[in-house]
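Asks: fold the following and give me the result.
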Amino acid sequence: MDLPTSSYHDSLEELWDEEEEPEEVGTMMKAVPSTYHQYLDVFSKVKAEKLHPNRACDHHIKLEGSLPPNIEKGFIQTSSSSTGAPVLFFKKKDGGLCLCVDYHKLNAVTRKNKYPVPPMNQLLTVFNDSSIFSKIHLHGAYKLLRIKEGDEHLTAFGTKYGSYENWVMPFGLTNDPASFLNLVNDILHGLIDIYVAVYLDDIMVFSKSEEEHGTHVSTVLSRLRANSLFAKASKCLFHVSSVEYLGYIVYSEGLKMEQEKVQQIFNWPPPRNLKALQSFLGFANFYRGFIKNYSKHISSLISFLKKGSCFPLNEEALSQFHQLRKAFTTSTILLYPPLWRLMHPIMPWVLY
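Replies: From the prediction side, this is the model:
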């Protein structure tokens, strides 16, 4: 697909006008294929971190019965609200601290949004018969959506520097996923399940051929641009034959387990108490579809979940534990169900 030169230059000029760092533009140009350089502004970090316009689907809070940067961006402002949630910190992967707000009490009196979040197994069936994939990761996710005008004071939180309230949707509100999915599904309406799959801030584009894939990705990027949604170039993948999605490796033939997770199961030590056993079974259960007759593999282990069970595991349960770990390392690929089976969702996938 030829690149329109004028569109390319317009996109670059817009980035310079937004005072994008040259290093950031260079990173984008390397991460995004030249075919899509006319959409470089969709990957703008500067634009993604600005206060976005109000939308029809702004996050509304209906009730029943890292400060300086966010202030500068317009994401939060000082508040005189009579309410205020406490703040806490959690450690990030890089060792830094991330400020979070504890909205438990607000969530307890918030009317729940019943917007349907698609089941994971349903999302994974749409890739049937596709051979090329791109994954677009939205930048800032929830911060791309405003709090509905008049509801800002309900998000107030207190710090030693004063009280603040959010103008953009913060993490931790009970209806965050519903509001965000409503926004993205509305923007990508007519494309979902045809050549697009959406799960929160990850957009998957899937196609049968290179030629049509270029058109599909361009359509998605055009819609993101038109609706002021922005992607993070460093977390996007384009035109690949396999991609990690929702904890699986997606191929044209089917699904594989992530090797890191398989290795983690294989290295898991024998559980020595109830909590350790629950943790192991919970982790293994995620990939249960790859193990034929999975329930038979864990029958003895399950018996130790009963109240009053004594540890360590007996010989039979310990043997099952080792067999289950080995089974995960020998499983290969979970084939997509034939297209006619998708009309009968109760029918199982086939393991080979």
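Asks: N107: what secondary structure?
Replies: helix (DSSP: H, G, I helix; E, B strand; the rest coil).
Asks: so for it, what's the pLDDT?
Replies: On the pLDDT scale, N107 is placed at 92.
Asks: how about the nearest residue to I249, chain neighbours excluded?
Replies: Spatial nearest neighbour of I249, chain neighbours left out: K256 (4.2 Å); criterion: Cβ to Cβ, 6 or more residues apart in numbering. C-beta: built from backbone N, CA, C; applies to glycine.
Asks: who's in contact with the one you found?
Replies: 248-249, 332-334 (Cβ atoms under 8 Å, 6 or more residues apart in numbering).
Asks: give me the buried entries from those residues.
Replies: Buried members of the contacts of K256, counted by 16 or more other Cβ atoms under 10 Å: 248, 334.
Asks: how about the contacts of K256, which pair is most distant?
Replies: In the contacts of K256, two members sit farther apart than any others by Cβ to Cβ. They are Y248 and T332, at 13.1 Å.
Asks: can I take it that the residue nearest to I249 is in a strand?
Replies: Yes - counting by three-state DSSP, K256 falls inside a strand.
Asks: ends of stretch 234-241, how far apart?
Replies: 18 Å (Cα to Cα, to the nearest Å).
Asks: show residues contacting it.
Replies: 27, 31-33, 36, 43, 131-137, 210, 213, 217, 243, 251-252.
Asks: which of the residues you listed fall in helices?
Replies: 27, 31, 210, 213, 217 (DSSP state H).
Asks: which among those gets closest to N113?
Replies: Among the ones in helices among the contacts of stretch 234-241, and counting by Cβ to Cβ, the member closest to N113 is V217, at 30.3 Å.
Asks: might one say that the closest one is in contact with V32?
Replies: No - counting by Cβ atoms under 8 Å, V217 sits too far from V32 to count as a contact (10.1 Å).
Asks: neighbour count: these two, which is higher?
Replies: V217 (26 against 20; other Cβ atoms under 10 Å).
Asks: low-confidence ranges, the stretch 101-250 of the chain, go.
Replies: Along the stretch 101-250 of the chain, segments meeting pLDDT under 70 are nowhere present.
Asks: which parts of the chain are helices?
Replies: 5-17, 22-31, 45-48, 67-73, 104-108, 120-123, 176-187, 210-226, 259-266, 274-285, 294-297, 299-303, 315-330.
Asks: in TSV: those helices, plus distance to A85.
Replies: Listed next are the helices of the chain as TSV, based on distance: least, Cβ to Cβ, whole Å:
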stretch	distance to A85
helix 5-17	37
helix 22-31	33
helix 45-48	25
helix 67-73	14
helix 104-108	6
helix 120-123	30
helix 176-187	14
helix 210-226	32
helix 259-266	34
helix 274-285	30
helix 294-297	42
helix 299-303	40
helix 315-330	41
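Asks: mind checking which of these is nearest S81?
Replies: helix 104-108 (11.2 Å).
Asks: now the closest one, how far from the centre of its chain.
Replies: 23 Å (Cα atoms, centre = their mean, to the nearest Å).
Asks: render the CA-only coordinates of it in PDB, please.
Replies: Output of helix 104-108 as PDB, limited to C-alpha atoms (Å, rounded to 0.1, in the frame of the first residue of the first chain):
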ATOM      1  CA  HIS A 104     -14.100   1.200  48.100                       C
ATOM      2  CA  LYS A 105     -16.600   3.400  49.900                       C
ATOM      3  CA  LEU A 106     -17.700   5.300  46.700                       C
ATOM      4  CA  ASN A 107     -18.000   2.000  44.800                       C
ATOM      5  CA  ALA A 108     -20.200   0.500  47.600                       C
END
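Asks: can you give me the buried ones in that helix?
Replies: In helix 104-108, counting by 16+ other Cβ under 10 Å, buried: 106-107.
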